[in-house]
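**Student:** Quick one: sequence plus predicted model below, questions after.
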Amino acid sequence: MVSMRRRIFLACVALLACCALVRLVPYALPIHPADIAQDSQAIEFTDRNGLPLGTLLARDQEHPAAVPLERVSPLFLHAIVAAEDARFFQDGPVDYRALARSVAQALRARRVVSGGSTITMQLARMVSGAPSTPLGKAQQIWVAW
């Protein structure tokens, strides 16, 4: 008969192995630029009042407006990150506080009131095509990690 200490030890080892696997699997499945290309829709940038700032057309449009990343102002990039995900550099791929806030608001209002996705999770949604359901959100978290 296996002792209780040995069972606890084996459970801890199994848990650590699972955590290591979850953390290392994404490195085996990198995201390629072709996976997130905007082929069928234009992207419009607006300010907080909804006024248009600019539009990037899709590749199949007559006048595409592709700009190499090195030509984009670092201030613009920081503004996009600050507006979209203020704690991007602190929280990593998943902002658990924002997810908890979003779930609490949804439970109180009995409908989705706000989102809790980070920029990384939005990228994961674009790559995986996960739906906006609880299972889809779990898939986004998995891909984001």
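**Tutor:** Great, that's in hand. Numbering: from 1, shown residues only.

**Student:** Quick check: phi and psi on Val22?
**Tutor:** phi -60, psi -40 (degrees, to the nearest 10).

**Student:** how much space between Ala82 and Gly50?
**Tutor:** 18 Å (CB to CB, to the nearest Å). Quick note: C-beta positions are derived from backbone N, CA and C, even for glycine.

**Student:** Of these two, which one has the most company?
**Tutor:** Ala82 (10 against 6; other CB atoms under 10 Å).

**Student:** Would you agree that one falls within a helix?
**Tutor:** Yes. Checked against DSSP: H, G, I helix; E, B strand; the rest coil, Ala82 lies within a helix.

**Student:** any idea how far it is from Arg7?
**Tutor:** On the measure of CB to CB, Ala82 and Arg7 end up 49 Å apart.

**Student:** same deal with Ala83?
**Tutor:** 50 Å.

**Student:** got a list of what the most centrally placed residue in the chain touches?
**Tutor:** Nearest to the mean C-alpha position of the chain, counting by CA atoms, centre = their mean, stands Met121 at 1.0 Å. By CB atoms under 8 Å, 6 or more residues apart in numbering, the contact set of Met121 is 93-94, 140-141, 144.

**Student:** Having no further points to raise, I will conclude here.
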